[in-house]
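# could you look at this predicted model? Sequence included:
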Amino acid sequence: MAKNRKIEQQIAVFGESGSGKTVLVSSFYGATQQQAYKAEHPYEVVADKQSQGRSLYQAYLGMRGSATVPLTTRFDSETYAFTVRAKDSPQGNDEKRRPFDAVQIVWHDYPGEWFAQDLEGPEADARVATFRRLLRSDVALLLVDGERLVDNAGEEERYLKSLLANVSNGLRLMRDDLLAGGKKFVEFPRIWVLALSKCDLLPDMSVIDFRDLVIDKATHELNELESTLASFIEAPEALSVGEDFILLSSGKFEPGKIEVTERVGLDLILPLAAMLPFDRHVKWAKGMTDRGKVYEHLVAGGVSMAAALGGLGSLATKLAGKDNKLLTSLGLILTHFGSAIEDLAKMGGDKLTAANRDAVSKHENLRSTLTGFQLKLDEAEADEVFLRSSR
């Protein structure tokens, strides 16, 4: 069996200058490199580019050791690729059965200035080229800066309306350049999660409170953003904007000290990128009558993920380990295994816990990793750190 087979999940992070994007990715990666983290999880996280990994870890150490925050990047786009690889089990029990060996998480950091300022010439071209690179992302995180909410206490709508309007307007300005010949996209970030960054500055705000604040103060602008995004894509019914919410904090910031261990929500980045598309794509594909390219895109990753979760049987697992483009185009996978895939996508509670324990007992580290990701999302919902769309 071929080694190092990966499925790729991409996540795009949007936020205005100073909203904490660089700090978030540094804190996220740095935490995964700690020995305590590695000992607690059945997987390891490796930066695909060693130089990037060292830079991110250096920034994390600077926050931890000397309360030094990474410099803000202006008009500078970064793409980080991390491989999440299940640790080899002692007996290698799941090696032959698993349809892939690792999940590659690609994190795109999109400069907020490109939404807030007019650009011309090379900078405008760079903005379009950068956005094209992140079109393969399934999930987009739109950061709402907790510090800006504090600064606008009592008038939060001023900031929220401005933020959402800037994103909508920035996208509209790029629309003609992005849609060559007016052809709309099949691959596009279809799940837009609103994330409260620096949530440590608002310690009494739950994710429910955050959702209610956005809806109360900026519903019109959120609807406009959804309409703008829908204009870019084929099958706009497969789009979720502002239906999922998360709280994020890179640590507890005090004068001369940053407690990087007191993070909020960063341990959900991997589960969010890996599992949320699986859940949402299966639901969307199930309701589609058009079995065209969007359907194929939605189904393709779900088949491999469902097989890795161990619920499709040996035949489907073998098929998922191969090039299943023809199968998905014919609709055979969802036709024959649709109910099983849908059950796995919405699996939770005692059933999910039992599946995770079973995987751990059998040393099936890939399955234990993925079921563990699902459990993380469920636990975060119970703790009111994450709010998932019910649609």
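Received it, and whenever you're ready, just let me know what you need.
# tell me the average confidence for the strand or helix carrying Val282?
Using DSSP states H and E, Val282 falls within helix 269-286. When pLDDT is averaged over helix 269-286, the result is 86.
# can you map out the strands along the protein?
Per DSSP state E, the chain carries strands over the ranges 6-14, 43-47, 78-86, 102-110, 139-145, 191-197, 240-247, 252-254, 257-259, 386-387.
# so where's the stretch 1-150 of the chain shaky on pLDDT?
1-4, 71-77, 88-100, 112-123 (pLDDT under 70).
# the stretch 251-391 of the chain too?
Within the stretch 251-391 of the chain, the ranges that satisfy pLDDT under 70 run 303-304, 307, 310-346, 391.
# so which residues of it form helices?
269-286, 293-308, 313-320, 325-330, 332-345, 349-361, 365-382 (DSSP state H, counting those that start in this stretch).
# list the contacts of Leu248.
Contacts for Leu248 were tallied using C-beta atoms under 8 Å, 6 or more residues apart in numbering; they are 20, 24, 143, 195-199, 264-266. Placement of C-beta: from N, CA and C, glycine included.
# return the residues in contact with the spatially most central residue of the chain.
Centroid check for the chain by C-alpha atoms, centre = their mean gives Ala273 as the closest residue, at 3.2 Å. Contact partners of Ala273, counting by C-beta under 8 Å, 6+ apart, are 9-11, 105, 138-139.
# next: Met205.
Going by C-beta under 8 Å, 6+ apart, Met205 touches 196, 199, 213, 247.
# do that again at 7 Å, thanks
By C-beta atoms under 7 Å, 6 or more residues apart in numbering, Met205 lies in contact with Cys199.
# now do Pro70
Neighbouring residues of Pro70 by C-beta under 7 Å, 6+ apart: 22-23, 26, 59.
# mind putting the residues you listed into CSV with neighbour count?
Converted to CSV, the contacts of Pro70 look like this (neighbours: other C-beta atoms under 10 Å):
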residue, neighbour count
Thr22, 22
Val23, 24
Ser26, 23
Ala59, 21
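# quick one on the thing from earlier: ranking the strands of the chain by burial, who's on top?
Among the strands of the chain, ranked by average contacts under mean count of other C-beta atoms under 10 Å, first place goes to strand 191-197 (a mean of 26).
# so what strands line up beside that one?
Strand pairing for strand 191-197, using DSSP bridges, gives strand 139-145 (parallel), strand 240-247 (parallel).
# between those, which gets nearest to Ser162?
Between Ser162 and the strands paired with strand 191-197, the tightest spacing by C-beta to C-beta is seen for strand 139-145, at 11.2 Å.
# give me the neighbour count for Ala355.
21 (other C-beta atoms under 10 Å).
# just give the nearest non-adjacent residue to it, would you?
Thr371 (5.0 Å; C-beta to C-beta, 6 or more residues apart in numbering).
# wait, isn't that neighbour in contact with Asp358?
No: using C-beta atoms under 7 Å, Thr371 is not in contact with Asp358, being 8.6 Å away.
# which one's more surrounded, the two?
Neighbours per residue (other C-beta under 10 Å) separate Thr371 from Asp358, with Thr371 holding more: 26 against 14.
# returning to that earlier point: adding distance to His297, write the contacts of Ala273 out as CSV.
Formatted as CSV, the contacts of Ala273 follow (distance: C-beta to C-beta, whole Å):
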residue, distance to His297
Gln9, 13
Gln10, 13
Ile11, 16
Ile105, 18
Asp138, 9
Val139, 14
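# most widely separated two among those residues?
Greatest spacing in the contacts of Ala273, by C-beta to C-beta: Ile105 and Asp138 (11.0 Å).
# which residues are in contact with each of the two?
With C-beta under 7 Å, 6+ apart as the test, Ile105 and Asp138 both reach Gln9.
# returning to that earlier point: mind listing what the residue nearest to Ala355 touches?
Contacts for Thr371 (C-beta under 7 Å, 6+ apart) come out as 309, 352, 355-356, 359.
# again, only using 10 Å
275, 308-310, 344, 347, 352-360, 364 (C-beta atoms under 10 Å, 6 or more residues apart in numbering).
# most surrounded residue in those residues?
In terms of neighbour count, Ala308 stands highest of these at 29 neighbours, by other C-beta under 10 Å.
# about what we covered before: what's the closest of the strands of the chain to Trp284?
Trp284 lies closest, by C-beta to C-beta, to one member of the strands of the chain: strand 240-247, at 8.9 Å.
# now do the closest one: distance to the chain's middle.
11 Å (C-alpha atoms, centre = their mean, to the nearest Å).
# tell me the mean pLDDT for that strand?
If you average the pLDDT over strand 240-247, you get 96.
# stretch 206-223 now?
Here stretch 206-223 scores 97 as its mean pLDDT.
# send the alpha carbons of that stretch over as PDB?
The C-alpha coordinates for stretch 206-223 follow below in PDB (Å, rounded to 0.1, in the frame of the first residue of the first chain):
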ATOM      1  CA  SER A 206     -20.500  32.900  25.400                       C
ATOM      2  CA  VAL A 207     -20.700  31.800  21.700                       C
ATOM      3  CA  ILE A 208     -24.500  32.200  22.000                       C
ATOM      4  CA  ASP A 209     -24.100  35.800  23.200                       C
ATOM      5  CA  PHE A 210     -21.700  36.400  20.300                       C
ATOM      6  CA  ARG A 211     -24.200  35.000  17.800                       C
ATOM      7  CA  ASP A 212     -27.000  37.100  19.200                       C
ATOM      8  CA  LEU A 213     -24.800  40.300  19.100                       C
ATOM      9  CA  VAL A 214     -23.900  39.800  15.400                       C
ATOM     10  CA  ILE A 215     -27.500  39.100  14.400                       C
ATOM     11  CA  ASP A 216     -28.900  41.900  16.500                       C
ATOM     12  CA  LYS A 217     -26.400  44.600  15.300                       C
ATOM     13  CA  ALA A 218     -25.600  43.600  11.700                       C
ATOM     14  CA  THR A 219     -28.200  41.300  10.100                       C
ATOM     15  CA  HIS A 220     -28.500  43.300   6.900                       C
ATOM     16  CA  GLU A 221     -24.700  43.400   6.300                       C
ATOM     17  CA  LEU A 222     -24.500  39.600   7.000                       C
ATOM     18  CA  ASN A 223     -27.300  39.000   4.500                       C
END
